[in-house]
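1. Compute the structure for the input listed below.
(chains A and B)
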Amino acid sequence: MNIMRKSSLIILTVLFLLSLFYSISYAERLDRALFKKIEANLMCTDGCGMYLKTCENATAQKMRKDIIAMLTKGMSEKEIYGRMISVYGEEVMAAPPVSSKFNIIAWAGPFVAIIIGFIVIYICLDRWIFNSRKAEAGTNINEKEIEQYEDYLDEEIKKHY
Amino acid sequence: MEVIGQLSILLAFGFSIYATLIYTVGISRKNSALILSGRGAAFSVAFLVVLSSVLLWYGFVDGAYNIKYVYGYSSDDLPLIYKLTAFWAGNKGSLLLWELLLAVYTAIIALKLRKIYNKYIANATVVLLIINIFFLGLLAFIANPFEAYNFTPPDGSGLNPMLQNPGMVFHPLTLYLGYVGVSVPFAFAISALITKRTDDWWIRNTRKWAVWAWVFLSLGNILGGIWAYVELGWGGYWAWDPVENSSFIPWLILTAYIHSVIIQERKNMLKIWNVSLIIFAFLATLFGTFLTRSGVFASVHSFSDSPLGFYFLMFMFLVLIVSLGLMFSRIGHLTSGKEFESYVSKESSFLFNNLFLVGGAFAVFLGTVFPIISEALRGVKVSVSVPWYNQIMAPILLGVVLLMGICPLIAWHKSSKRNFKVNFLVPVVLSLIFFGVIFYLLNGENLYAAIGFTICFFALFTTVQEFVKGMFARSKITGEMLLKSLALMVMKNRRRYGGYIVHIGIILITFGIIGSQVFNQEMKTRLAVGQKAEIGGYEILYKGLQKTEIQNGTAIYANLAVFKNNKFITTARPEKVFYSNSERPFSEVSIHSTLKEDLYIVLQNWLEGGRAADFMFKINPLIIWMWIGSFILTLGGLLALWPGKGSQLNPKMYEEVSS
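-> This next block holds a predicted model:
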């Protein structure tokens, strides 16, 4: 009976230590990956203009410690960003936070501009092609002949350009 | 010496005003004698600016510390090469460098004027002279590089250690050659508007200047990236810093311009677009200079705050108003001539190429100024840094590369269905196979990278195909050996094949960017003596610290033995350098490069005399391909620049053969 009790106690102790080890290892790995992601999405706040991942000054070191502390407390990525914004302002984020409607301009603006450019190009091409076809209205060359001439013309152009 | 230097600048300012006035009168009166007088004045400006520059260089070499600028950027223990490059280390000297190049360029253009009256070149020279007046005015009255103390300090305060790098010898010089080079096609465009001669004469006369500017802007950007990579110690080469952006924006616009002028030369179209592009390219160079001198943004590349920013801003507005006003007043003369035949043609692919390039320029500009806009409109400051640029610019620039691949497959005028099928089938099929293979090799992850690599493959294939097809076609016609046919084909069509070589360079750079951005690994760790770290298949053994003296400081470096697969590879020696003129140490990184990857090592700190040290280890895959691509790009640009027969748009290659 005494031997069984001792054996059980030893087994329980080992199991506890193993669970503690794996939980620490798992948390450490998870934290490190998340830490790197958060670090890459923040700016150093001392005015150097560098983002946190690449800055090694004292301010950056302090910020990293703060992030690690928050991760240790179990805060989520979103919560950490929110905390950093509340302390340092939106400037701390390396990209404009989409939580602000105004910042959406930064994200959508370039692609909207390109889409508008596509539309303008299409309209211009449409007009130019219309004018071109209008000028060709008097010709009597049929489609097959046109294709043959185009192929021939393409070959000639390739020879000289 | 400082008196002579200052007087030279003042005289140059006066001569530039005189030249501008006398040219203007000569043009209005059609008087060649007056124009020749202005030409002489332009040469005088160049001579005086060269003289002042030589004097400043001499001041650095001679240690003339009574000159404030020399005192601020030099010291007795500074190596000679950096005494020479200290010329452009600060605000005033870099302004003088800009003016030096501008004055020389202006003299070269003025040299074209001879006894025959030519109002087109004369007007272009006037525009350049007006730009000279602006810069010389700043040098004479606002930012005098020869400002002196009334005593002579025994030594200078020294040069920023980050500028003591070979990259700082070439990066600013090449960048400024490019920046200032944009002034020339801009001047000719304005001349075209003034004289109402809006055909392609100004494009033909300035194409090489545009390519020259483009080549050096490219080099400037590349060398800046290399400098950042080896000097700043963070393992990257481009941080989308506002000042970095300011040199990328004109590059994008100028790239669009170089492509779109081909349409004007061939079809006399896109005149308004081309004039707009060169105007905005020139404004972008001024914007870049404004950024570095205004203090609006914090940047490792900026000069300290100065009032110059205000003057540059005013000059930019003036240029914008006058240029666009002139353009709109000539809108009738800029109406297109011929028309497009098809939606699917090489011409239309150029339009979409321009769309992506200018769209990219707009995106970078928006990212750069958005913090200011937000602060002005909302009272809230935001940052726009790497994560934003990576997400916004990646698809845009990949679109550019994709078009590089498509363009050679599209016919001029109209691409028929048969043409489309024949030309696209093989490249598309092979690219799909490549995608499957690469995606499998990436274990089904990083879809974006797989797409990027596939686009690079597609573009590279179609570009190389052009060389191969042309080589075989010529060989078949002429009976020459293949290699001879290839060489002669390229040399007789330097503009075309120079462009294709540039494309290959861009593709390789893109390949390197994708690899280094997506697959990089990083580790920050502390190692005790005798301890190893492992990263990316490398084992790195820390063996201890050592100290050595250098010309102007002390370097402490770590000895690291690097192994791979249990084989010794190299000894890495990352350093911390303590310069005599600086309170804090500067990192000198250790980089081991292969075709596959770079092993990048930074010594960050140490304890107990080096018994333990902190390191950053980074693996940057494929990064050497960026430098290889950069070299190829430069060769292609130089080939396109090479003068003589073969640099035209449509050289008659077979005249010799047929005769």
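
2. just to confirm, which helix or strand has the spatially closest residue to residue B:119 that is not a sequence neighbour in it?
-> Nearest non-adjacent residue to residue B:119, counting by C-beta to C-beta, 6 or more residues apart in numbering or on different chains: residue B:27, 5.4 Å away. Just so you know, the C-beta spots here come from the backbone N, C-alpha and C atoms, and that holds for glycine as well. Remark: residue B:27 resides in helix B:2-29, with elements defined by DSSP states H and E.

3. Show me which positions of that helix end up buried.
-> B:2, B:5-6, B:8-20, B:22-24, B:26-27 (16 or more other C-beta atoms under 10 Å in any protein chain shown).

4. Next, give phi and psi for residue B:554.
-> Main-chain torsions, residue B:554, degrees, to the nearest 10: phi -130, psi 140.

5. Burial check on it, number of neighbours?
-> 15 (other C-beta atoms under 10 Å in any protein chain shown).

6. any low-confidence regions in the chain?
-> Going with chain A. A:1-31, A:130-148, A:150-151, A:154, A:157-161 (pLDDT under 70).

7. could you do chain B instead?
-> Checking chain B against pLDDT under 70 turns up B:115-116, B:295-306, B:336-339, B:645-659.

8. Chain neighbours aside, what residue packs nearest to the residue sitting nearest the centre point of it?
-> The centroid of chain B falls nearest to residue B:217 when counting by C-alpha atoms, centre = their mean (2.5 Å). Leaving aside its sequence neighbours, residue B:217 sits nearest to residue B:178 (C-beta to C-beta, 6+ apart; 3.2 Å).

9. got a list of what the one you found touches?
-> B:213-220, B:250-251 (C-beta atoms under 8 Å, 6 or more residues apart in numbering or on different chains).

10. What would the helix or strand encompassing it look like as PDB? C-alpha coordinates only.
-> In this structure, residue B:178 is located in helix B:167-181 according to DSSP H and E. Taking C-alpha atoms only, helix B:167-181 is exported to PDB below (Å, rounded to 0.1, in the frame of the first residue of the first chain):
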ATOM      1  CA  GLY B 167      27.900  53.400 -51.600                       C
ATOM      2  CA  MET B 168      28.100  57.000 -50.600                       C
ATOM      3  CA  VAL B 169      30.700  57.700 -53.200                       C
ATOM      4  CA  PHE B 170      28.400  56.600 -56.000                       C
ATOM      5  CA  HIS B 171      24.800  56.600 -54.800                       C
ATOM      6  CA  PRO B 172      24.300  60.400 -54.500                       C
ATOM      7  CA  LEU B 173      26.300  61.100 -57.700                       C
ATOM      8  CA  THR B 174      24.400  58.700 -59.800                       C
ATOM      9  CA  LEU B 175      21.100  59.700 -58.300                       C
ATOM     10  CA  TYR B 176      21.800  63.400 -59.000                       C
ATOM     11  CA  LEU B 177      23.000  62.600 -62.600                       C
ATOM     12  CA  GLY B 178      19.500  61.100 -63.000                       C
ATOM     13  CA  TYR B 179      17.600  63.700 -61.200                       C
ATOM     14  CA  VAL B 180      19.200  66.600 -63.100                       C
ATOM     15  CA  GLY B 181      19.100  64.700 -66.300                       C
END
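
11. Return the distance of it from the chain's centre.
-> On the basis of C-alpha atoms, centre = their mean, to the nearest Å, helix B:167-181 sits 8 Å off its chain's mean C-alpha point.

12. swap in stretch B:1-10?
-> On C-alpha atoms, centre = their mean, the centre of stretch B:1-10 falls 32 Å from that of its chain.

13. related to what we said a few turns ago, and the residue nearest to residue B:119, what is it in contact with?
-> B:35, B:119, B:122-123, B:126.

14. where does residue B:549 fall, phi/psi-wise?
-> Taking degrees, to the nearest 10 as the convention, residue B:549 sits at phi -90, psi 140.

15. Can you report how many residues lie near it?
-> So residue B:549, with other C-beta under 10 Å, has 8 neighbours.

16. Show the contacting residues for it.
-> By C-beta under 8 Å, 6+ apart, the neighbours of residue B:549 are residue B:555.

17. repeat for residue B:323
-> Contacts of residue B:323 (C-beta under 8 Å, 6+ apart): B:190, B:279.

18. Mind telling me what element it is part of?
-> Per DSSP H and E: helix B:308-329 holds residue B:323.

19. and if you look at residue B:384?
-> Using DSSP H and E, no helix or strand contains residue B:384.

20. That one reaches residue B:372, doesn't it?
-> No: the criterion here is C-beta atoms under 8 Å, and residue B:384 misses it with residue B:372 at 10.3 Å.

21. Which one of those two is surrounded by more residues?
-> residue B:384 (26 against 14).

22. what's the closest non-adjacent residue to that one?
-> Looking at residue B:384 with C-beta to C-beta, 6+ apart, the closest residue is residue B:367, at 4.5 Å.

23. At which residues are the helices of chain A located?
-> Using DSSP state H, the helices found in chain A span residues A:2-40, A:58-72, A:77-88, A:104-135, A:143-160.

24. The residue nearest to residue B:384 and residue B:444: what is the separation?
-> Distance from residue B:367 to residue B:444, counting by C-beta to C-beta, to the nearest Å: 32 Å.

25. And for residue B:573?
-> 40 Å.

26. Name the residue in those two with the higher neighbour count.
-> The neighbour comparison of residue B:573 against residue B:444 (other C-beta under 10 Å) goes to residue B:573, with 17 against 9.

27. List phi and psi for the more buried one.
-> The phi/psi pair for residue B:573 (degrees, to the nearest 10) is phi -130, psi 70.

28. contacting residues around it?
-> B:557-560, B:590.

29. Using CSV, lay out those residues together with neighbour count, distance to chain A and secondary structure.
-> Listed next are those as CSV, based on neighbours: other C-beta atoms under 10 Å in any protein chain shown; distance: C-beta to the nearest C-beta, whole Å; DSSP: H, G, I helix; E, B strand; the rest coil:
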residue, neighbour count, distance to chain A, secondary structure
B:557, 18, 18, strand
B:558, 25, 16, strand
B:559, 16, 22, strand
B:560, 25, 19, strand
B:590, 22, 16, strand
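
30. Tell me which two in those residues are the farthest apart.
-> B:559 and B:590 (10.4 Å; C-beta to C-beta).

31. is it true that residue B:642 touches residue B:493?
-> No: contact criterion C-beta under 8 Å: residue B:642 and residue B:493 do not qualify, at 11.4 Å.

32. Have a look at these two and say which one is more surrounded.
-> Neighbours were counted for residue B:642 and for residue B:493 using other C-beta under 10 Å; residue B:493 has more, 23 against 13.

33. how much space is there between the more buried one and chain A?
-> 8 Å (C-beta to the nearest C-beta, to the nearest Å).

34. One more: residue B:62?
-> Taking C-beta to the nearest C-beta, one finds residue B:62 at 35 Å from chain A.

35. Mind giving me the packing neighbours of the strand or helix carrying residue B:243?
-> Applying DSSP H and E as the criterion places residue B:243 in helix B:242-267. Judged by 3 or more C-beta pairs under 8 Å, 6 or more residues apart in numbering or on different chains; DSSP states H and E, the packing partners of helix B:242-267 are helix B:167-181, helix B:201-231, helix B:271-294, helix B:346-378.

36. Redo these as JSON lines? Include distance to residue B:624.
-> JSON lines is the format used below for the helices and strands packed on helix B:242-267 (distance: least, C-beta to C-beta, whole Å):
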{"stretch": "helix B:167-181", "distance to residue B:624": "16"}
{"stretch": "helix B:201-231", "distance to residue B:624": "11"}
{"stretch": "helix B:271-294", "distance to residue B:624": "28"}
{"stretch": "helix B:346-378", "distance to residue B:624": "25"}
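
37. and the stretch 351-500 of chain B, which of its residues are near chain A?
-> Contact residues, the stretch 351-500 of chain B versus chain A (C-beta under 8 Å from any C-beta of the partner chain): B:351-352, B:355-356, B:358-360, B:362-363, B:366-367, B:370-371, B:374, B:377-378, B:380-388, B:391-392, B:396, B:411-414, B:416, B:418-419, B:470, B:473, B:493, B:496.

38. Alright, calling it a day.
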